[in-house]
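Chemist: Give me a 3D structure for the following:
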Amino acid sequence: MILKPSTDYLNDDLKKRQSLYVTTIDGTEISIDLIECLTKDDVWSTFYAVCQNKIPYFVKLAHFLPQENEHAYKQCINEYRFAMRHADGLAHVLTAVGGRLASHHYPLLLYPFVKWPSLATLCDVGLDYERWLHLAKSGARALAELHEKQMVHCDIKPSNMLVDIDNDDSVVLIDFGLVHASGMERLSGALGSPAYICPQAALGSHYPKPCWDIYSFGVVLYELATGKWPFKANDIASLLEMQCTASVPQLLPRFDAPIQMREIILRCLAKYENMRYIDGLDLYNALCRLPESCCA
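Modeler: Predicted structure coming up:
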C-alpha cells in the first residue's frame with residue numbers, strides 16, 4: 001500500500017495498521033486499504049481505496065477529531081444520515097455507502113468509485129446549445145428526484161454535479177453535507193457556497209425550500225452558457241450582498257440560443273422565491289418546452 005505525504009496528519013495507529021474497518025449503510029463491516037491520496041484541502045483528504053475483495057471505493061477522511069471541528073463533523077453526520085434514510089432508490093444521487101463516525105476516530109465516509117467528471121470541468125469549455133440543453137434537463141431531473149423526497153440540497157454547484165459518462169451523460173448529485181428537509185428547519189446563518197447561494201440562504205433566516213436549489217442551479221446554467229458567474233466580488237460579504245440585491249448581468253451565451261433559454265435562466269435567478277420555478281420538476285418541464293436545436 002502507498003501512503004502519500006499528505007497523510008502525515010494520520011495517527012500512528014492508522015499508519016501502522018495500513019487498513020481501516022468501515023461499517024456500510026446496511027451494517028456490514030469491511031476492511032479497506034487507502035491506496036492513493038487524490039485530493040486534499042484544509043479539512044478533508046479524498047483517497048482511492050480498495051476493500052478486501054478488491055472492489056474500489058472513494059474514501060473521504062477528515063483531518064480532525066469530532067471535538068476539533070464540530071461544524072464539519074455535523075456535515076459528515078448529515079450526509080451519512082441522508083444516505084441511510086433517503087438515498088436508496090434515487091437514480092441521480094451518489095452518496096455515502098458507509099462510514100466511521102465514532103467520537104474517538106477521524107470522521108470517514110465511503111463512496112462508490114466512479115470516473116465521472118463534474119460540471120465544473122465543462123464550465124471553461126465551449127458547449128453548444130444542444131449540449132447545454134441536455135445537461136440542463138438532466139440536472140433539473142436530478143433535482144426533481146431529490147425534491148420529490150422533500151429534501152433541499154442547499155449546496156448546488158458544478159463540482160457537486162457529476163456527469164455519468166456511462167449513462168447518456170446523466171447528471172448525478174453528490175455532497176449532501178448541507179441537505180435539509182424542505183421547510184422544516186429555520187436557518188441561523190448563511191448556508192451554501194457564496195457564488196451559488198440564493199438570497200434567502202445568504203440572509204440565513206429562512207426555511208430551506210426547493211426553489212433555493214433552483215437559484216443555485218440557475219447560476220450553474222448561467223456559468224455553463226457564458227463561462228463565468230453572474231456575480232463576482234473581491235470578498236464574500238460583497239458577493240452575498242450582490243446575490244441579494246444586484247441585477248443579473250446581460251446573458252451573453254457562447255453559442256446561438258433561443259430567447260426562451262435566457263428567460264428560463266433569469267427566472268431561476270429571480271431574487272424572490274415566488275418568482276422562481278417551484279422545484280426541479282417545474283424547471284424540467286420548462287426546459288422540455290425549449291426547442292431541441294437553436295435553429296428549430
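
Chemist: Secondary structure class of residue 49, three-state.
Modeler: strand (DSSP: H, G, I helix; E, B strand; the rest coil).

Chemist: tell me the contacts of the nearest residue in space to residue 143 that is not next to it in sequence?
Modeler: Leaving aside its sequence neighbours, residue 143 sits nearest to residue 280 (CB to CB, 6 or more residues apart in numbering; 3.0 Å). For glycine as for every other residue, the C-beta is placed from the backbone atoms N, C-alpha and C. Residues near residue 280 by CB atoms under 8 Å, 6 or more residues apart in numbering: 140, 141, 142, 143, 144, 145, 146, 147, 210, 213, 214.

Chemist: what do you get for residue 44?
Modeler: 60, 61, 62, 63, 72.

Chemist: Which phi and psi values does residue 70 adopt?
Modeler: Dihedral pair for residue 70: phi -60, psi -40, per degrees, to the nearest 10.

Chemist: Quickly note the distance from it to residue 89.
Modeler: 32 Å (CB to CB, to the nearest Å).

Chemist: Where does pLDDT dip in the chain?
Modeler: Residue ranges of the chain with pLDDT under 70: 1-18, 188-190, 295-296.

Chemist: Show me the longest helix that occurs in it.
Modeler: Taking DSSP state H as the criterion, the chain has its longest helix at helix 129-148.

Chemist: Adding distance to residue 247 and neighbour count, write the contacts of residue 280 out as a markdown table.
Modeler: Below are the contacts of residue 280 laid out as a markdown table (distance: CB to CB, whole Å; neighbours: other CB atoms under 10 Å):
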| residue | distance to residue 247 | neighbour count |
| --- | --- | --- |
| 140 | 24 | 28 |
| 141 | 29 | 19 |
| 142 | 29 | 26 |
| 143 | 25 | 29 |
| 144 | 28 | 18 |
| 145 | 32 | 19 |
| 146 | 29 | 25 |
| 147 | 27 | 23 |
| 210 | 24 | 26 |
| 213 | 22 | 34 |
| 214 | 18 | 26 |
